[in-house]
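Q: need a 3D model of the sequence below.
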Amino acid sequence: MKEKEEVVLVVLGNSRREQRYFRLGRVGLRPRDLCIVETDRGEEFGEVVRGPETLELSQLDHPLQRVLRRATEEDLERIKANKAEEEQVLLAAREMVRRRGLPMKLINAEYTLDRGH
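A: Reported below is the predicted structural model:
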């Protein structure tokens with residue numbers, strides 16, 4: 001018998017637009033809900049774009065991680081604060097690159113929800 005799991009498809013973050021399936025667990029979510037998920041980078045936020053649905057684990061091309069919770073007001077405030085700081089960090093980093101004459105173009109700076117803690 002093939003192992004099956006209830007999952008949702010989530011678009012991660014503001015800028016990466018990466019889509020991945022996450023194990024739903026006991027969190028009730030549907031499309032357009034904002035959620036907090038566990039990734040290799042730490043806690044990240046995303047938006048459910050499909051599901052819930054039951055998939056065979058063999059159908060997935062990535063390890064299945066889990067939805068931690070529906071996004072709270074506190075999470076949304078943290079996301080907003082992180083986004084504002086990301087812009088400041090990116091501007092400062094671009095200035096350092098310019099001053100040192102480095103042959104690179106910085107395009108993005110992004111914090112995870114928990115800033116990797």
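Q: now for the spatially closest residue to residue 57 that is not a sequence neighbour: which residues touch it?
A: The spatially closest residue to residue 57, leaving aside those adjacent along the chain, is residue 3, at 4.8 Å (C-beta to C-beta, 6 or more residues apart in numbering). Every C-beta, even on glycine, is put in place using the N, C-alpha and C of the backbone. Residue 3 makes contact with 56, 57, 58, according to C-beta atoms under 8 Å, 6 or more residues apart in numbering.
Q: the second one against residue 4, yeah?
A: Yes - using C-beta atoms under 8 Å as the test, residue 57 is close enough to residue 4 to be in contact (7.1 Å).
Q: coming back round to it: neighbour-wise, which of the contacts of residue 3 leads?
A: Neighbour counts for the contacts of residue 3, by other C-beta atoms under 10 Å, peak at residue 57, which reaches 14 neighbours.
Q: let me see the contact set for residue 31.
A: Applying C-beta under 8 Å, 6+ apart to residue 31 gives the contacts 48, 49, 50, 51.
Q: quick check: it is in a strand.
A: No - secondary structure of residue 31 (DSSP: H, G, I helix; E, B strand; the rest coil): coil, not part of a strand.
Q: tell me how far it lies from residue 104.
A: 38 Å (C-beta to C-beta, to the nearest Å).
Q: can you check residue 18 too?
A: Relative to residue 104, residue 18 is positioned 22 Å away (C-beta to C-beta).
Q: counting neighbours, go ahead and name the busier of those two.
A: Between residue 18 and residue 104, residue 18 has the larger neighbour count (other C-beta under 10 Å), namely 12 against 9.
Q: the more buried one: what's it in contact with?
A: Contacts of residue 18 (C-beta under 8 Å, 6+ apart): 11, 12.
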